[in-house]
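1. would you be able to build a 3D model of this:
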Amino acid sequence: MEITRAKANLLDESKIFDVLKTTILESIQNKNPLFNRVSFGENYSLLDRNSLIITHSSGSFEIRYEKFEPCFVLLNISEEILKEKLPADIIGSLEFVDRFCAEIKKPKQNQKWYGHLESNFKRFILVYLNHEYSIDITSFLHTVDDDMKEKISALQSFDRYYRDACPFLSDPMDKIFESLIYLNEQSSKEYVPEILNAIGKYNFSKAQKLYEYIEKSQSQHSPIFLSFLLVGIFKNDETTYLEKAMELYSSYPIEGIRAFGWINYSTAEQIIAVHNILTKNVNESHEYKFYESIFYIRQIENKAITVELKAIFVEKIKSLYAVEDDKVKRNIEWRVGGIKEHDAEKFNLLLTFINSGGGINVAKGFFSNFKDPKYLFSLIENAYLTMGVRMQIEFFREALFSLSRNNPDATYTEIKNLLSHKLASGRLAAIQMLGLSFIKVHNISLLELDEMGQLNIIESIEIQPNVMDGLFSLLIQLRKSTHQSVREKLFEALVELIWAYDKYVLESLENEIDMADAEDSELYSRFKSVYDAFAIQKENRKKIKELNPIENELSFMEDYYKHENEYQRKLMEEAGKKTFFSMIGKEIKVIRGRGYKSGYKDEITMLTTIEHSQLMDRRYSINPDYLEWTFNKMHATLKNIKPE
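-> Next up is the predicted model:
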């Protein structure tokens with residue numbers, strides 16, 4: 001048994017116990033489950049050699065509390081910290097663990113820093129009680145009802161602790177079988193496949209005996225239990241248990257296909273053998289199709305599969321997606337999206353999903369495991385070319401966020417290329433991406449693009465209402481362009497922005513350029529002279545009363561609001577006369593502008609002041625037709641565009 005081997009391992013090599021104890025105590029003191037690999041030296045090698053730690057790519061590692069050796073050490077530490085021995089009963093021992101976990105969290109009781117220590121320690125305690133004191137954990141399971149769980153907090157998750165401990169208990173086969181039936185008939189039935197899988201994986205001799213017992217029992221539960229057990233036991237004797245799975249399939253197709261779907265095959269020959277069986281036996285049951293799709297999708301990731309076989313399986317998945325059952329379709333979409341790598345195959349399938357009734361919504365969340373962003377950007381480009389300004393980048397937010405983390409360099413390259421797209425709709429997609437909070441504009445270099453690409457970018461960014469919110473720093477990169485036409489186009493765009501943002505353009509330019517640089521200095525001088533002329537003109541316009549809206553429009557606005565307020569007052573009076581709303585509502589009186597009285601209270605409450613400022617494109621207020629013209633210009637460009 002695992003627990004016996006772990007105990008013997010600690011006795012044979014006492015240094016393991018000492019190193020684990022020092023490490024765990026340091027973890028408790030620092031409230032951190034992670035350790036630096038470099039600083040541990042030989043001790044790291046000792047723990048790693050005995051498979052007692054998990055090493056992360058960052059160079060840190062943590063203790064594997066699912067192993068029994070660290071849990072033996074935890075038992076020793078917990079008894080020292082609590083200054084008491086572990087009680088020799090189930091409830092008392094679980095409460096002991098709860099007290100220990102509460103103690104190591106101090107002083108911050110609401111901060112659980114230790115990851116999976118608690119659940120694995122409780123699993124160990126149940127196995128320990130079973131082996132050291134011959135306590136019948138399984139019989140106790142049958143006595144735990146909802147009332148006990150409500151009264152005793154330590155038992156609230158007992159079914160889960162039993163699930164984890166069951167594979168290591170010293171129960172006879174009939175008792176294990178009875179406990180599986182009991183759980184299968186309770187709300188915890190999802191634990192049954194996990195228990196059987198774990199027994200097959202961690203205790204081969206026990207799994208063999210249990211398989212034989214279940215086969216002979218002829219119970220109504222036998223087929224489904226065998227399918228669960230096959231998944232874990234398969235790796236210990238692949239030839240024998242592949243034959244067993246085929247026998248199960250011939251008698252019980254649903255349970256057999258379930259086992260086929262979840263077994264981890266190690267050779268292409270095994271996969272082909274199962275595929276041939278499924279090809280010869282056609283079953284139109286939707287439940288069968290559900291598990292059949294799991295088999296084919298899981299094999300896409302199998303390292304043993306050949307390129308030719310992968311192509312066949314992709315086509316098989318497409319045919320299964322045609323089944324008129326939403327459960328089957330959603331399962332296929334979700335599982336294909338969860339495949340790691342194999343981006344070409346996943347994108348091929350995604351297009352099938354979209355074109356076969358799934359719609360564009362299937363793409364949401366589908367790209368979280370993609371590495372190459374070119375597939376997503378191909379989809380975005382097609383969507384914008386088809387739908388134009390009706391398309392919103394928020395639809396692809398989740399996918400873009402995933403790829404910006406999975407492969408940032410390639411993602412920003414794709415954004416840069418889309419920014420210089422020959423069609424305005426493509427550039428619109430990229431500009432909307434730049435407005436997403438997680439996209440860092442400073443990661444994009446426009447100087448690497450060709451002349452036409454740079455000119456296209458200026459044309460697209462200059463008309464955006466949010467050009468000063470992050471886009472300006474991107475635009476001003478092009479002052480260093482090697483193309484004279486680009487630099488002149490940029491200068492014209494900056495001049496145009498004066499009408500939109502006035503002095504803020506000048507201030508932003510001053511922040512972005514280096515006055516010590518001769519070219520930057522010349523650009524600034526040219527722009528400053530244009531701005532000064534604009535400023536003089538602006539002052540002159542202020543002196544012309546006919547151009548001042550306060551002078552020629554204020555009286556009309558005052559008359560309008562006077563009549564509007566009177567009209568609204570009459571409506572409110574009518575609405576408040578003996579109506580249901582007047583009886584249940586509050587009367588609120590505004591006192592002297594910022595104060596108000598509510599209901600029948602005499603106290604006066606002051607309104608809270610909330611201020612928010614946003615830089616607006618003044619072109620749209622100076623000339624309201626500009627906005628409509630800009631939109632129509634974009635729409636006219638897009639409406640006749642078709643995907644290439």
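
2. what's the burial count for the spatially closest residue to residue 512 that is not a sequence neighbour?
-> Leaving aside its sequence neighbours, residue 512 sits nearest to residue 476 (CB to CB, 6 or more residues apart in numbering; 4.6 Å). Where you see a C-beta, it was placed from the backbone N, CA and C, and this is true even at glycine. Using other CB atoms under 10 Å, residue 476 is surrounded by 20 other residues.

3. mind pulling the model confidence for residue 476?
-> On the pLDDT scale, residue 476 is placed at 91.

4. with residue 264 instead?
-> As predicted, residue 264 sits at a pLDDT of 95.

5. can you tell me how far it sits from residue 302?
-> Separation of residue 264 from residue 302 (CB to CB, to the nearest Å): 8 Å.

6. between the two, which has more neighbouring residues?
-> Higher neighbour count among residue 264 and residue 302: residue 302, with 17 against 13, using other CB under 10 Å.

7. can you tell me the SS state at that one?
-> Following DSSP: H, G, I helix; E, B strand; the rest coil, the label given to residue 302 is coil.

8. what sits against the closest residue to it other than its chain neighbours?
-> In space, and not counting its chain neighbours, residue 302 is closest to residue 265: 6.2 Å by CB to CB, 6+ apart. Residues counted as contacts of residue 265 (CB atoms under 8 Å, 6 or more residues apart in numbering) are 271, 274, 299, 302, 304.

9. run through the protein and note the low-pLDDT ranges.
-> For the chain, the stretches flagged by pLDDT under 70 are 1, 465-466, 469, 546-553, 575-602, 607-644.

10. tell me which stretches of it form strands.
-> Secondary structure of the chain (DSSP state E): strands at 35-36, 53-55, 60-63, 588-591, 595-598, 605-606.

11. contacting residues around the first one?
-> Meaning strand 35-36. For strand 35-36, the surrounding residues in contact (CB under 8 Å, 6+ apart) are 23, 26-27, 59-62.

12. narrow those to those that are buried.
-> For the contacts of strand 35-36, a burial check counting by 16 or more other CB atoms under 10 Å picks out 23, 27, 61-62.

13. which strands or helices does the longest helix along the chain pack on?
-> Counting by DSSP state H, the longest helix found in the chain is helix 518-542. The elements that helix 518-542 packs onto, with contact taken as 3 or more CB pairs under 8 Å, 6 or more residues apart in numbering; DSSP states H and E, are helix 484-501, helix 503-512.

14. type out the PyMOL command that picks the buried ones from the contacts of residue 265.
-> Here is the PyMOL selection string for the buried members of the contacts of residue 265, based on 16+ other CB under 10 Å:
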select buried, resi 271+274+299+302
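
15. what would the contacts of residue 265 look like in CSV with distance to residue 571?
-> Shown next, in CSV, are the contacts of residue 265 (distance: CB to CB, whole Å):
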residue, distance to residue 571
271, 74
274, 74
299, 69
302, 71
304, 76
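
16. farthest pair in the contacts of residue 265?
-> Maximum pairwise distance in these, criterion CB to CB, is 12.2 Å, between 274 and 304.

17. CA atoms of stretch 526-542 as CSV?
-> C-alpha atoms of stretch 526-542 as CSV (Å, rounded to 0.1, in the frame of the first residue of the first chain):
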residue,chain,number,x,y,z
ARG,A,526,6.6,74.4,-38.0
PHE,A,527,3.7,73.2,-36.0
LYS,A,528,4.1,76.0,-33.4
SER,A,529,3.9,78.6,-36.1
VAL,A,530,0.6,77.1,-37.4
TYR,A,531,-0.8,76.9,-33.9
ASP,A,532,0.1,80.5,-33.1
ALA,A,533,-1.8,81.6,-36.3
PHE,A,534,-4.8,79.5,-35.1
ALA,A,535,-4.6,81.1,-31.6
ILE,A,536,-4.7,84.6,-33.1
GLN,A,537,-7.6,83.7,-35.3
LYS,A,538,-9.4,82.2,-32.3
GLU,A,539,-9.0,85.4,-30.3
ASN,A,540,-10.3,87.5,-33.2
ARG,A,541,-13.4,85.3,-33.5
LYS,A,542,-14.2,85.9,-29.9
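
18. what residues does it touch?
-> Stretch 526-542 is contacted from outside by 491, 494-495, 498-499, 502-503, 505-506, 509, 547-548, using CB under 8 Å, 6+ apart.

19. neighbour-wise, which of those residues leads?
-> Counting neighbours by other CB under 10 Å, the top entry in these is residue 494, with 24 neighbours.

20. tell me how far that residue lies from residue 528.
-> The spacing between residue 494 and residue 528, counted by CB to CB, is 11 Å.

21. cool, and residue 497?
-> According to CB to CB, residue 497 and residue 528 sit 14 Å apart.

22. surely residue 77 and residue 25 touch.
-> Yes - using CB atoms under 8 Å, residue 77 is in contact with residue 25, at 6.5 Å.

23. make JSON lines out of the buried ones among the contacts of strand 35-36 and add distance to residue 534.
-> Formatted as JSON lines, the buried ones among the contacts of strand 35-36 follow (distance: CB to CB, whole Å):
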{"residue": "23", "distance to residue 534": "69"}
{"residue": "27", "distance to residue 534": "65"}
{"residue": "61", "distance to residue 534": "63"}
{"residue": "62", "distance to residue 534": "63"}
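
24. which of the residues you listed sits closest to residue 132?
-> The closest of these, once distances to residue 132 are taken by CB to CB, is residue 23, at 24.6 Å.

25. residues touching that closest one, list them.
-> In this structure, residue 23 makes contact with 35, 40, 43, 47, 63, judged by CB under 8 Å, 6+ apart.

26. got it, and residue 525?
-> So residue 525 contacts nothing (CB under 8 Å, 6+ apart).

27. roughly how far apart are it and residue 531?
-> 11 Å.

28. now do the buried residues in stretch 512-531.
-> Neighbour counts over stretch 512-531 (16+ other CB under 10 Å) mark 513, 520, 523-524, 527, 531 as buried.

29. meant to ask about stretch 62-71
-> 62-65, 67-71.

30. what's it in contact with?
-> In contact with stretch 62-71 (CB under 8 Å, 6+ apart) are residues 2-3, 5-7, 9-10, 16-17, 20, 23-24, 27, 33-35, 47, 50-54, 56, 74, 115-117, 120-121, 123-124, 127-128.

31. can I get the buried part of those residues as one PyMOL selection?
-> A single PyMOL command selects the buried members of the contacts of stretch 62-71 (16+ other CB under 10 Å):
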select buried, resi 3+6+7+9+10+16+17+20+23+24+27+33+34+35+47+50+52+53+74+117+120+121+123+124+127+128
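
32. return the subset of the contacts of stretch 62-71 lying in helices.
-> Short answer: these in helices (DSSP H) are 2-3, 5-7, 9-10, 16-17, 20, 23-24, 27, 47, 74, 117, 120-121, 123-124, 127-128.

33. can you verify my assumption that residue 436 contacts residue 400?
-> Yes - counting by CB under 8 Å, residue 436 touches residue 400, with 6.5 Å between them.

34. these two: which has the busier surroundings?
-> Neighbours around residue 436 and residue 400, counted as other CB under 10 Å, are more numerous at residue 400. The numbers are 24 against 15.

35. how near is the more buried one to residue 364?
-> Look at residue 400 and residue 364: by CB to CB, they are 11 Å apart.

36. residue 554 now?
-> Distance from residue 554 to residue 364, counting by CB to CB: 50 Å.

37. where along the stretch 351-500 of the chain do the helices fall?
-> Here the stretch 351-500 of the chain has its helices, by DSSP state H, counting those that start in this stretch, at 374-387, 397-406, 408-419, 424-434, 451-462, 472-475, 484-501.

38. tell me which of the ones you listed sits most buried.
-> Most buried of the helices of the stretch 351-500 of the chain by mean neighbour count (mean count of other CB atoms under 10 Å) is helix 424-434; its value is a mean of 22.

39. could you give the angle of that one to helix 374-387?
-> For helix 424-434 against helix 374-387, the angle by axes from the mean of the first three to the mean of the last three CA atoms, to 10 degrees is 120 degrees.

40. other SSEs contacting helix 424-434?
-> Applying 3+ CB pairs under 8 Å, 6+ apart, we find helix 424-434 packed against helix 374-387, helix 408-419, helix 451-462, helix 624-638.

41. can you put those in a markdown table and add distance to residue 199?
-> Formatted as a markdown table, those follow (distance: least, CB to CB, whole Å):
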| stretch | distance to residue 199 |
| --- | --- |
| helix 374-387 | 41 |
| helix 408-419 | 43 |
| helix 451-462 | 61 |
| helix 624-638 | 61 |
